[in-house]
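In: any chance you can model this:
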Amino acid sequence: MSAQGRKSIFITGAASGMGRATALLFSRRGWYVGAADIDEAGLGTLVQELGSENCFSVKLDVTDKTAFDEALAAFAEKTGGQLDLMYNNAGIGESGWFEDVPYEASMRVVAINLGGVLNGIYASLPYLKRTPNSLLFTTSSSSATYGMPRIAVYAATKHAVKGLTEALSIEFARHNVRVADVLPGLIDTAILRSTPNRSGDAPKPSEEDFYSNAPKKGMFRLMPAESVAECVWGAYQHPTRLHWYVPDEVVWIDRLKGLLPEFVRGRIVKLFPQLAPKE
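Out: Below you'll find the predicted structure:
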């Protein structure tokens, strides 16, 4: 099946979490969805929900540039060469004290969270340039407002994504391609429970404990994946906004960090003393 004139979105990490929520939202609103993920089973159930006539799915390792190029080319055949919105969402995490995280694991985070985004941009840009009012959108993180301990390399990749977004929002204006990102806080997705703790100093909580202990208020309250999907939708409608925060209060970390980074560091230690224990 083809897009048949519908607007189109291509999403990485579409099989679960924020990517899946975004695919479902855009499909409900009449868009043709390209869904990419390494999780074939998750893609299969997503296609069942969307209907095969409403989507294109492909197993994709975002670190494989050739495969990424081929996936976008195949999707573009369904859309007449058009791409209204490219959503680079795939990402992984590793946690633990820096020296406890194996080098190879850290490099895998860099390869997916930054390298995969770069691959997505290179693969999608030709189609974005052909499409009026197109948008390049990427998942960054609240950890790109201030680097968080015990997820240091993950935070570094998300800072890189944020900086890349800012630079390309200026560069790609000459192509009439808009660029933006989302900086989510605590989102109810599988990555929260699947990210390995390489230091082994905290037991993995049960599902019940996880939900009962998750913050209920404040900027790090647990938010549904659909809240990010709504941001992706809002970003496409908004002509200029660069950074989207979920929840909105996360922006205050960015604002304070710009003026008083030492103050923000102190607040993080005070709020999460277990993250930086004294020797």
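In: and the helices in the stretch 151-279 of the chain?
Out: Using DSSP state H, counting those that start in this stretch, the helices of the stretch 151-279 of the chain run over 152-171, 191-194, 207-213, 225-237, 251-259, 261-271.
In: looking at this structure, which helix or strand is least sure?
Out: Sorting the helices and strands of the chain by mean pLDDT, DSSP states H and E puts helix 207-213 at the bottom, at a mean of 64.
In: can you give me the strands for this structure?
Out: 8-12, 32-37, 55-59, 85-88, 134-139, 177-184, 243-246 (DSSP state E).
In: CSV for the ones you listed, including mean pLDDT and mean neighbour count?
Out: Every C-beta, even on glycine, is put in place using the N, C-alpha and C of the backbone. Output for the strands of the chain, formatted as CSV (pLDDT from 0 to 100; neighbours: other C-beta atoms under 10 Å):
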stretch, mean pLDDT, mean neighbour count
strand 8-12, 98, 28
strand 32-37, 98, 27
strand 55-59, 98, 21
strand 85-88, 98, 28
strand 134-139, 98, 25
strand 177-184, 98, 24
strand 243-246, 97, 21
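In: in a markdown table: those, plus distance to Thr22.
Out: Converted to a markdown table, the strands of the chain look like this (distance: least, C-beta to C-beta, whole Å):
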| stretch | distance to Thr22 |
| --- | --- |
| strand 8-12 | 6 |
| strand 32-37 | 9 |
| strand 55-59 | 12 |
| strand 85-88 | 6 |
| strand 134-139 | 9 |
| strand 177-184 | 10 |
| strand 243-246 | 12 |
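In: which one of the ones you listed lies nearest to Ile170?
Out: strand 177-184 (8.5 Å; C-beta to C-beta).
In: just the C-alpha atoms of the closest one, please, in CSV.
Out: The C-alpha coordinates for strand 177-184 follow below in CSV (Å, rounded to 0.1, in the frame of the first residue of the first chain):
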residue,chain,number,x,y,z
VAL,A,177,13.5,22.2,6.6
ARG,A,178,12.6,22.9,10.2
VAL,A,179,14.5,21.2,13.1
ALA,A,180,13.4,20.6,16.7
ASP,A,181,13.8,18.2,19.5
VAL,A,182,12.0,17.0,22.7
LEU,A,183,13.6,16.8,26.1
PRO,A,184,11.6,14.3,28.2
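In: neighbours of Phe272, how many?
Out: When neighbours are defined as other C-beta atoms under 10 Å, Phe272 has 13 of them.
In: just give the nearest non-adjacent residue to it, would you?
Out: The shortest distance from Phe272 to any non-neighbouring residue, by C-beta to C-beta, 6 or more residues apart in numbering, is to Pro149 (8.0 Å).
In: list the contacts of the residue nearest to Glu166 when sequence neighbours are not counted.
Out: Of all residues not flanking Glu166 in the chain, Leu242 sits nearest, at 6.7 Å (C-beta to C-beta, 6+ apart). Residues in contact with Leu242 (C-beta atoms under 8 Å, 6 or more residues apart in numbering) are Thr165, Glu166, Ser169, Val179, Ala180, Asp181.
In: could you check how far Leu242 is from Thr138?
Out: Distance of Leu242 to Thr138, computed by C-beta to C-beta, to the nearest Å: 11 Å.
In: give me the common contacts of these two.
Out: In contact with both Leu242 and Thr138: Thr165, Ala180, Asp181, using C-beta under 8 Å, 6+ apart.
In: looking at those, spot the one nearest Leu85.
Out: Ala180 (10.2 Å).
In: who's the residue positioned nearest the centre of the chain bridged to?
Out: Closest to where the C-alpha atoms of the chain average out (C-alpha atoms, centre = their mean) is Thr139, at 2.6 Å. Applying DSSP bridges to Thr139 yields these beta-bridge partners: Val182.
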